[in-house]
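Enquirer: model the structure of this input:
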Amino acid sequence: MREVAVISFAQQLGRSISDINEVELLMPLMGEALAGAGISKDRVDFVCSSSSDYLAGQPFSFVMSLDAFGPFPPISESHVDMDGAWALYEAWVKIQLGKADIALVYAYGKSSPGDIRRVLSRQLDPYTLGPLWLDSVSVAALQARAGLDAGTFTEAEIAAVVAANRRAGMSNPHAHLTGDHQPDALLAEPEFVAPLRKHDCPPITDGAAVMILAAGDVARELSARPAWIRGIDHRIEAAALGVRDLTSSPSTALAAARAGVNDGPIDFAEVHAPFAHQELIVRSALGLGADVTVNPSGGALCANPIMTAGLVRIGEAATRITNGQGDRAVAHATSGPCLQQNLVCVLEGA
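Expert: Presented below is the predicted three-dimensional model:
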C-alpha cells in the first residue's frame, strides 16, 4: 500500500452564501489549498469533485464547477454524487493505483435556496417511500424515537451532545450555530418533529471545501507534518428503512474495523452526525470510549453543508493533526437517510 496524506485543506461555510455562485465560491478555496500545499495547479495529477444537481438546480453541475480549477489544458478528472468524503476515497484509490502522486478533492453545495427537507426526500425508495414525501427530519425523528424506545439512549444524552457540540463550535470560525447551552435548558425547548427539537437538527448551511492529498515522499516534501491516512473504508446499509435496525450502525462498525480504528489509541474524533442522536449511535459503532473528545470543531450541528460536511470532518481532523493537536484521530462521514452509508478514516501524524 502506498502512503497517502492530507497536506492541505480549505473551507468556507455560511448560513447563506447568496452573493456568489458555486464557481466563485470554489476559486479562492482552490488557491488557498494550493498555497497551503506550496504547489501550483500544474502539479496536480488528478481532480475529483462531489456535488448534487438537486442543490445546484441544473444537470451535470459539476462540469460548470471545473471552471474553478481550469479544465484546460486537459486534466484527469472524476466526480461522485456523494459527500466529498467519497471523492477523497476515489482520489486515495487513484493514488494507490499509481495513477497520481498529488490529487485535489473538492465538494460544494448550497442548501439555503430551496427546501432541503423535500430535496433529501428524493433519496428514499421511489416506489414505497418517495410518494409519501417523507422528509429528512421526519425520517431522523423515526430513528430517534426507535432509539429512545429501545433504551439505546435518553433525551438527556441527546441534549448533552448538542450542548457539547455547540460549545466546541464557539472556537471554530467556520461554525455558525454555537453557544454555551446547558442540557436542562435545551430539554425545556418545545419539540419540533417529535421527539426531535430544533437544536437536535442540523442548521441550513451553504459551503465548499478543497483538500489536497499527496503520496509518500511527495507529502513529506510538501508538508512538515502530513496527516497520514492509515486506514479508510466505507460500507452501506440496506436502502429500505424497514429491514434494518435504525438504532445501530453495523456498516460504521465494519468500516471502523477494516480501517483499523482499534489498532491504537484515538486522541479525538470528528463524527459526521447531522442529528444529535446519531452521534451517540456512531460513537458506539466506532467503539470510542468516554475519554475520547468528539467533534472538537463543533461538528455538523454547528454547520452542515450538504455534500461537503463529511469531507469537512476529515479536513478538520487532518488540520488538528498537522497543527500538532493530536497524533491519531478518526474521522467519519455519512450520506443517505438514517446513517445509510458510512465512511471511516484513520489519520496519524507520524
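Enquirer: what segments of the stretch 201-350 of the chain are strands?
Expert: 206-215, 227-236, 268-270, 293-294, 328-335, 341-348 (DSSP state E, counting those that start in this stretch).
Enquirer: turn these into TSV, including mean neighbour count and mean pLDDT.
Expert: From N, CA and C alone the C-beta is placed, and that goes for glycine too. Formatted as TSV, these follow (neighbours: other CB atoms under 10 Å; pLDDT from 0 to 100):
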stretch	mean neighbour count	mean pLDDT
strand 206-215	28	98
strand 227-236	21	98
strand 268-270	25	98
strand 293-294	20	98
strand 328-335	27	98
strand 341-348	26	98
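Enquirer: next helix or strand past the worst-scoring helix or strand of the chain on mean pLDDT?
Expert: Ranking every helix and strand in the chain by mean pLDDT, DSSP states H and E puts helix 53-56 at the bottom, with a mean of 83. Counting by DSSP states H and E, the next helix or strand C-terminal to helix 53-56 is helix 61-65.
Enquirer: buried ones in that next one?
Expert: S61, F62, S65 (16 or more other CB atoms under 10 Å).
Enquirer: stretch 234-247 now?
Expert: Neighbour-count burial for stretch 234-247 [16+ other CB under 10 Å]: H234, R235, E237, L241, R244, L246, T247.
Enquirer: so which pair among those residues is furthest apart in space?
Expert: Farthest apart among those by CB to CB are H234 and T247. That separation is 20.9 Å.
Enquirer: S18 in helix, strand or coil?
Expert: Of the three states, S18 takes coil under DSSP: H, G, I helix; E, B strand; the rest coil.
Enquirer: one step back: just put the buried residues of helix 61-65 in CSV and tack on distance to H176 and pLDDT.
Expert: Compiled in CSV, the buried residues of helix 61-65 are given as follows (distance: CB to CB, whole Å; pLDDT from 0 to 100):
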residue, distance to H176, pLDDT
S61, 24, 84
F62, 26, 87
S65, 23, 91
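Enquirer: which one of those residues sits closest to Y127?
Expert: Of all the buried residues of helix 61-65, Y127 sits closest to S61, with 26.7 Å by CB to CB.
Enquirer: that closest one touches S51, doesn't it?
Expert: Yes. S61 lies in contact with S51 (CB atoms under 8 Å); the separation is 5.8 Å.
Enquirer: overlap in contacts of those two?
Expert: Listed as contacting both S61 and S51 by CB atoms under 8 Å, 6 or more residues apart in numbering are E22.
Enquirer: export the buried residues of stretch 234-247 to CSV and tack on distance to G84?
Expert: As requested, those are exported to CSV (distance: CB to CB, whole Å):
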residue, distance to G84
H234, 13
R235, 18
E237, 20
L241, 25
R244, 25
L246, 25
T247, 28
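Enquirer: closest to A56 among the residues you listed?
Expert: Once CB to CB is applied, the member of the buried residues of stretch 234-247 that ends up nearest A56 is H234, at 23.8 Å.
Enquirer: quick one, phi psi at A91?
Expert: phi -60, psi -40 (degrees, to the nearest 10).
Enquirer: was I right to think it contacts A103?
Expert: Yes. Using CB under 8 Å, A91 makes contact with A103 at a distance of 3.8 Å.
Enquirer: overlap in contacts of the two?
Expert: F46, C48, L213.
Enquirer: so how far is R244 from the first one?
Expert: So the one you mean is F46. Look at F46 and R244: by CB to CB, to the nearest Å, they are 35 Å apart.
Enquirer: picking up where we left off before, need the worst-confidence member of the buried residues of stretch 234-247.
Expert: Lowest pLDDT within those is found at L241 (90).
Enquirer: tell me who's in contact with the residue nearest to that residue when sequence neighbours are not counted.
Expert: With CB to CB, 6 or more residues apart in numbering as the criterion, L241 has its nearest non-adjacent residue at 6.2 Å, and that residue is C338. Counting by CB under 8 Å, 6+ apart, C338 touches V139, A140, L142, Q143, E237, L241, L246.
Enquirer: using the three-state scheme, assign the fourth one.
Expert: With three-state DSSP as the basis, Q143 sits in helix.
Enquirer: going forward can the numbers begin at 98, since that is how I track them
Expert: Sure, I'll start numbering at 98, so the last one becomes Q240.
Enquirer: check the burial of it by counting its neighbours.
Expert: Q240 is flanked by 20 other residues according to other CB atoms under 10 Å.
Enquirer: wait, it sits on A373?
Expert: No. Q240 is beyond contact range of A373, at 11.3 Å (criterion: CB under 8 Å).
Enquirer: what's the neighbour count on G167?
Expert: 13.
Enquirer: what does E376 give?
Expert: Around E376 sit 28 other residues, with neighbours defined as other CB under 10 Å.
Enquirer: what of the one 3 residues further on?
Expert: The criterion is other CB under 10 Å. On that basis, V379 has 25 neighbouring residues.
Enquirer: quick one, domains of this structure?
Expert: Residue ranges for each domain of the chain read 101-212+301-324, 222-297+327-442, as given by automatic domain parsing.
Enquirer: ok so, going back, dump the buried residues of helix 158-162 into CSV; add distance to A353 as well.
Expert: As requested, the buried residues of helix 158-162 are exported to CSV (distance: CB to CB, whole Å):
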residue, distance to A353
S158, 33
F159, 30
S162, 32
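Enquirer: nearest to F106, of the residues you listed?
Expert: S162 (18.0 Å).
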